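*Asks:* need coordinates for the below:
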Amino acid sequence: CETFTFDLTVTDFLGSPNITTFYPWGLGRDGEQRTLGNYTWKSKSLATIMKILEHSNRKLDILKIDCEGCEYEVMPTVFDAISKGELEIDQIQIKLHSFPSPRQSFKFASQFFEAADKANMRIFHKEHDSWSCDGFRCVEYALV
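*Replies:* Below is the predicted model:
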């Protein structure tokens, strides 16, 4: 089993290289300039990351994503690739972030779950993230 960790906010990774390989990369649209707090970066798509790591034709057992709002940009492409048979992922664990406007949150969440449905991904677990997002603005989902 290989484990990879991506977090652009970590400058000094303290994890063991025997357990995971760390990259200070941010997920998003290829080359898009993004900012989060004091951090600015050019994002990489999942397809680009998989190509760089030479994983393009490999199944992912688990994909865990907490990308501070980029999930609504990234996941439609991922779900589309799954539905076309171009990408195989056994399980997706993802945090969905809400927006200040309930209408906007509903719109993006609806699009997210419609895309998941087309990829035949089903929720098997969900829970509120009580550690961040004011304790109620984010929900963690697990799909198979």
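*Asks:* could you use CA atoms for every contact and neighbour count after this?
*Replies:* Noted.
*Asks:* now the longest strand along the chain, how far from the chain's geometric center?
*Replies:* Ranked by residue count and defined by DSSP state E, the top strand of the chain is strand 89-97. Chain-centre distance of strand 89-97: 6 Å, with Cα atoms, centre = their mean, to the nearest Å.
*Asks:* tell me what the helix or strand following it is packed against?
*Replies:* Next along the chain after strand 89-97, taking DSSP states H and E as the criterion, comes helix 102-118. Contact here means 3 or more Cα pairs under 8 Å, 6 or more residues apart in numbering; DSSP states H and E; on that basis helix 102-118 packs against helix 71-83.
*Asks:* if we go to 10 Å?
*Replies:* helix 71-83, strand 89-97, strand 123-128 (3 or more Cα pairs under 10 Å, 6 or more residues apart in numbering; DSSP states H and E).
*Asks:* now distance to D61, mean pLDDT and mean neighbour count too, for the ones you listed, in JSON lines please.
*Replies:* What follows is the helices and strands packed on helix 102-118, written out as JSON lines (distance: least, Cα to Cα, whole Å; pLDDT from 0 to 100; neighbours: other Cα atoms under 10 Å):
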{"stretch": "helix 71-83", "distance to D61": "13", "mean pLDDT": "94", "mean neighbour count": "18"}
{"stretch": "strand 89-97", "distance to D61": "5", "mean pLDDT": "94", "mean neighbour count": "19"}
{"stretch": "strand 123-128", "distance to D61": "16", "mean pLDDT": "94", "mean neighbour count": "13"}
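*Asks:* fine, thanks again, bye for now.
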